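> what would the 3D arrangement of this be:
(2 chains)
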Amino acid sequence: MAKKISIKYNGKSHSFSAGVSALDVMEKLKLDKKSVLAVQVGTETLETTKPILNSGELMLLTFNDALGKEIFWHSSAHVLADAIVRLYPNAKPTIGPPIEEGFYYDFDNLKISNEDFPKIEKEMKKIIHENNKFLRAEIKKAEAKKLFKNNKFKLEMVEDLDDISTYTTGKFVDLCRGPHIPSTKVIHAIKLTKLSGAYWRADAKKAQLTRIYGIAFPTKELLTEYNVRIVEAERRDHRKLGAKMDLFSFQDEGPGFVFWHAKGMIIYNSLMEFWREEHRLAGYEMVMTPIILKKELWLKSGHWDHYKENMYFTKIDNDDYAIKPMNCPGGILIYKNSKHSYREFPLRWAEVGLDHRHEMSGVLHGLMRVRSFWQDDAHIYCLPEQMEDEIIKVVELTDKIYKAFGFEYHIELSTRPEKFMGKKEDWDLAEATLAGALKKLKKKFVVNHGDGAFYGPKIDFHIRDSLGRTWQCATVQLDFQMPEKFDLTYMGDDGTENHRPAMIHRTVFGSFERFIGILIEHFAGKLPLWCAPNQVRILTIAEKFNDYAYKVRQQLFDAHIRVEVDESGNTIGKKIREAQLDKVNYMLVIGEKEVDSNTIAIRDRTGKQKFGVKTSTFVKKLNKEIKEKEF
RNA sequence: GCCUUGGUGGCUUAGUGGUAGAGCACUUGCUUGGUAAGCAAGAGGUCGCGAGUUCAACUCUCGCCCGAGGCUCCA
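All right, here's what the predicted structure looks like:
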C-alpha cells in the first residue's frame, strides 16, 4: 500500500502517493514544466524525474529567475573547481560565486593561460557527464579545519563561520552553504570566458589569485543565444563605432586623453546646448575656474592629502601648482570672493570644467574612463533646511535628462569611507539627508557601505553599457567639510555671519566623455536626430543632378540642418551603403524624377522610403523631430 | 600598479629565421549608374620602440611603450 505524502505549494497543501515524480506533481498543479531544472522538497533537492518520498514544501528551481540562475551558476563554479584540482592538484580553490552573468572561481597557486581553456572545458564536460550529485553535509568546526588543513584560504573562512556545511560532487569537497542543483548533469553547456588576476578578499596587499570566469546554461540553445548577444554587444562598442564614424581617437602621444574629431564635437556640442538649457530652466548660473592652481589651495581642500596619487603637478616660477582633478576648490574661491546672505540661497553655480586625473593604466577604457574629461559640475550653496529640497531637485533634473535619452539607471547611496574628513555626526546627518530625499521621491536604491568621497557621502546614478557593465554617471554629494575647511559663511537673518552654508556637489552626465560613450552604445551609433553628427546626406544618382542637390542642401543648411552632398562618382547603391555605415539619419536621393518634379526622395535609417516630398515639408518634419528630441 | 593577452600600410587582417601579401579606404582613368560594395591601374609598410642571440630577426630572448579583458580604483 502506497504511503501518502503531502506537498505544500504556494501555501496550499496537496496530497500525493509517495514515489510520485516531481514532473507528475507539476502536471497536477498545472505548473510550467519546461523551465524547471530541479525541485526542492523540504531540504532535499531532486531532479524533476526522481520520485518524491517525503512530505514538504515544494520549491521550483528554474533558470528563468534570478535565484535559479544564481544556484545554477554557483554549482557550475564547483564544476570548474573540481576540474582545476583534477588537472592541477597543487592549485588551491578559494571562492567561486555566481555573478550577474555566469560565475568565477579564484585559485591560489595556479598558473595557466587562455590556451589551457579547451583542456579545462573538456574536463568540466567529463564531470558533467559523470552525473555527480551535489551532496550536502553539515560538519563541526574542528572537522572542517582538518578537512581543509592544506588550504589556508578555506581555513580562514572556516574560522569566521558558525554553521559549516560542505558539498561533495564525486571526489571534490568544497566548503559551501549551498543550495545547489541536484546533479552536474543538469548543466548542458559550459564554457570559460576569461582569465584575470584578482586579490584575496579584494585587497591588493593580500595574495594575488588567478580568477577564471565562465558561463553555463541548462540547454545548448541558451548558450547560442548568449554568444549571439556577445557579438551584438561588441558591434555596439563605442570604441569601434567611434573610429568607424570618425568621432574621436586616442593617440600614442597622449594615452588616456581624447582627441575629439569634427563629427564627435557635433555630439558634444549638442549635448552641451541641451544641458545648458535644462540648467537655465532649473535655476542654475554658470561659472568657470582655472585648470592650474597653487599647491596651497589643494592642501587646504584636502586633495593634497587624500587625492595626491591621482593628480598631476607642475611648477610655475618657483611655486608648486596642481592641475585640478575636481572643480570644487576653484568654485569655492568665487564664493569667498564676496560676502553672502541667506537671501541669495540656494545659490546654484554650474561649471563645465576640464578635470585631469592620473588614472592607473590598466583602468583606462575608451571614453568611459580617461585621464582628462569635461565634468558637468555644479555646486549648490544653501541653508541646512534647504538641503533635502535641493537634493530632490537634482535627482529630478537627472531623471528628466536621462529620460530624454531613454536610459535605464539604478541608484546607489555611498556612505562614509575609511579615509574620511570631518566629524562622524556630520556624516550621519548627511547620509540621512540623502537617504531621506530618495525615500521622499520613492526611488529605489542600494547602499554602498564605505564608498563615499573623502569629503562626503553621495548618491550615484549608474547606467549600463552594451556589455552589461555599469558606469557611474550622475552623482550628488553632500559636503560639510569644504565649507568648514574654507571657512565659508553667510549673513543670516539674525544679522551675524556665524553661519555655515551646506554645500552640494553634483553632476548629471558625470562627464561628457563617459556619457557620450554610453550614448553611442545605447543607440548603436544611431543617435537621435537632435544630436546626430550626420543628420542628412544628399545622394545624387548621377553627377548631372549635383546642381539641384546643392540647391536642396542650401535650403536645409539655412534651416540649421547638418547636411552634406555625396558628390563622389559612386553608384547610388554604394552611396547608400556608405551613408548607412555612417549612421546618417536621412538620405535624400536625387535623380531625374526629383529634378523634374522639384521634390526629394527620403530614405531613413530603417530603409523606409518616401518619394515626391517637398523640401519645405521635410524641413518642418526635421525641426519637429529635433525639437521634440525623438528617439 | 597587478594577472591574462595582443601590436604587420589610415582600417581589417594572411604569413615565414633569408627584410612582406590581401580586402576596404586613398589617387587617377573608364563608367552616369534609381536604393547596402561598377571596372581597371597606381601610390602607400625601416612588420610598436630599444637591446641581445645569429652569417642573417618582422619571426627567437629580454626590457620598454601602447592596445584589449579582468582585479583594485573611479565620473
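> for the closest residue to RNA strand B within the stretch 251-400 of chain A, give me phi and psi.
Nearest to RNA strand B, among the residues of the stretch 251-400 of chain A, is residue A:362, at 2.3 Å (C-beta to the nearest atom of the strand). Yep, even glycine has a C-beta here, placed from its N, CA and C like the rest. Backbone torsions of residue A:362, given as degrees, to the nearest 10, read phi -70, psi -10.
> what's the answer for residue A:563, then?
For residue A:563, the backbone dihedrals (degrees, to the nearest 10) come out as phi -140, psi 140.
> that one and residue A:538 touch, don't they?
Yes. Using C-beta atoms under 8 Å, residue A:563 makes contact with residue A:538 at a distance of 6.7 Å.
> the more surrounded of these two?
Neighbour comparison, residue A:563 and residue A:538: the larger count goes to residue A:538, with 25 against 21 (by other C-beta atoms under 10 Å).
> still on that earlier bit, residues touching the residue of the stretch 251-400 of chain A closest to RNA strand B, list them.
By C-beta atoms under 8 Å, 6 or more residues apart in numbering, no residues touch residue A:362.
> can you give me the distance of the nearest residue to residue A:108 once chain neighbours are set aside to residue A:490?
Computed as C-beta to C-beta, 6 or more residues apart in numbering, the closest residue to residue A:108 that is not its neighbour in sequence is residue A:92, at 4.2 Å. Applying C-beta to C-beta, to the nearest Å, the value for residue A:92 to residue A:490 is 60 Å.
> in chain A, what secondary structure element scores lowest on mean pLDDT?
strand A:44-47 (a mean of 76; mean pLDDT, DSSP states H and E).
> could you list the contact residues of the stretch 401-550 of chain A toward RNA strand B?
Residues of the stretch 401-550 of chain A found near RNA strand B (C-beta under 7 Å from any atom of the strand) are A:451, A:453, A:460, A:467, A:469, A:471-475, A:507, A:510-511, A:513-514, A:540-544.
> list the ones among those residues that fall in helices.
If you go by DSSP state H, those have A:513-514 in helices.
> isn't residue A:210 right up against residue A:111?
Yes. The criterion here is C-beta under 8 Å, and residue A:210 meets it with residue A:111 at 7.2 Å.
> what's downstream of the least confident helix or strand of chain A, the next helix or strand?
Downstream of strand A:44-47, the first helix or strand assigned by DSSP states H and E is strand A:51-52.
> parallel or antiparallel, list what pairs with that following strand.
With DSSP bridges as the test, strand A:51-52 is paired with strand A:20-21 (antiparallel).
> what residues does the partner strand touch?
Residues outside strand A:20-21 that contact it (C-beta under 8 Å, 6+ apart) are A:5, A:48-52.
> list residues touching both of residue A:563 and residue A:538?
When contacts are counted by C-beta under 8 Å, 6+ apart, the set common to residue A:563 and residue A:538 consists of residue A:553.
> ok, residue A:121 touching residue A:212?
No. With contact defined as C-beta under 8 Å, residue A:121 does not count as touching residue A:212 (10.7 Å).
> so residue A:387, which of the three states?
Secondary structure for residue A:387, judged by DSSP: H, G, I helix; E, B strand; the rest coil, is helix.
> ok, it - contacts?
Contact partners of residue A:387, counting by C-beta under 8 Å, 6+ apart, are A:433, A:478, A:502, A:504.
> measure how buried the closest residue to the last one other than its chain neighbours is and give me the count.
In this case it means residue A:504. Nearest residue to residue A:504 in three dimensions, chain neighbours excluded: residue A:380, at 4.1 Å (C-beta to C-beta, 6+ apart). By the criterion of other C-beta under 10 Å, residue A:380 has 26 neighbours.
> so residue A:380 belongs to a helix, correct?
No. Read with three-state DSSP, residue A:380 is strand and lies in no helix.
> so which of the contacts of residue A:387 sit within strands?
Of the positions in those, A:478, A:502, A:504 sit in strands, assigned by DSSP state E.
> so what's the nearest residue to the first one once chain neighbours are set aside up against?
Pointing back at residue A:478 there. Excluding its sequence neighbours, the residue lying closest to residue A:478 (C-beta to C-beta, 6+ apart) is residue A:430, at 4.2 Å. Each residue near residue A:430 by C-beta under 8 Å, 6+ apart is listed here: A:456-457, A:478-480.
> need the pLDDT of residue A:164.
On the pLDDT scale, residue A:164 is placed at 86.
> check residue A:31 too.
78.
> next one: residue A:43
Residue A:43 is given a pLDDT of 68.
> repeat that for residue A:602.
The model's pLDDT for residue A:602 equals 97.
> enumerate the residues of the stretch 51-200 of chain A near RNA strand B.
Selection of the stretch 51-200 of chain A residues close to RNA strand B by C-beta under 7 Å from any atom of the strand yields A:111, A:113-115, A:194-199.
> hmm, which two among the contacts of residue A:387 are most spread apart?
A:433 and A:504 (9.8 Å; C-beta to C-beta).
> tell me which helix or strand the closest residue to residue A:447 other than its chain neighbours sits in.
By the measure of C-beta to C-beta, 6+ apart, the closest residue to residue A:447 outside its immediate chain neighbours is residue A:413, 5.1 Å from it. Element membership for residue A:413 (DSSP H and E) is strand A:409-414.
> how about the strands in the stretch 251-400 of chain A?
Using DSSP state E, counting those that start in this stretch, the strands found in the stretch 251-400 of chain A span residues A:259-260, A:285-286, A:292-294, A:312-316, A:319-323, A:347-356, A:372-382.
> quick check: which of those strands is buried the most?
strand A:372-382 (a mean of 23; mean count of other C-beta atoms under 10 Å).
> okay, that strand in CSV with CA atoms only?
Output in CSV follows, covering the C-alpha atoms of strand A:372-382 (Å, rounded to 0.1, in the frame of the first residue of the first chain):
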residue,chain,number,x,y,z
SER,A,372,41.2,64.2,-18.8
PHE,A,373,37.5,64.9,-19.0
TRP,A,374,34.9,67.6,-19.0
GLN,A,375,32.7,67.3,-16.0
ASP,A,376,29.2,69.0,-16.0
ASP,A,377,29.7,70.0,-12.4
ALA,A,378,27.7,72.3,-10.2
HIS,A,379,27.9,73.4,-6.6
ILE,A,380,24.9,74.4,-4.7
TYR,A,381,25.3,76.5,-1.5
CYS,A,382,22.2,76.5,0.7
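> what is that strand packed up against?
If contacts are counted by 3 or more C-beta pairs under 8 Å, 6 or more residues apart in numbering; DSSP states H and E, strand A:372-382 sits against helix A:328-336, strand A:347-356, helix A:387-403, strand A:502-507, helix A:512-522.
> where does chain A dip in pLDDT?
For chain A, applying pLDDT under 70 flags the ranges A:1-2, A:43, A:466-468.
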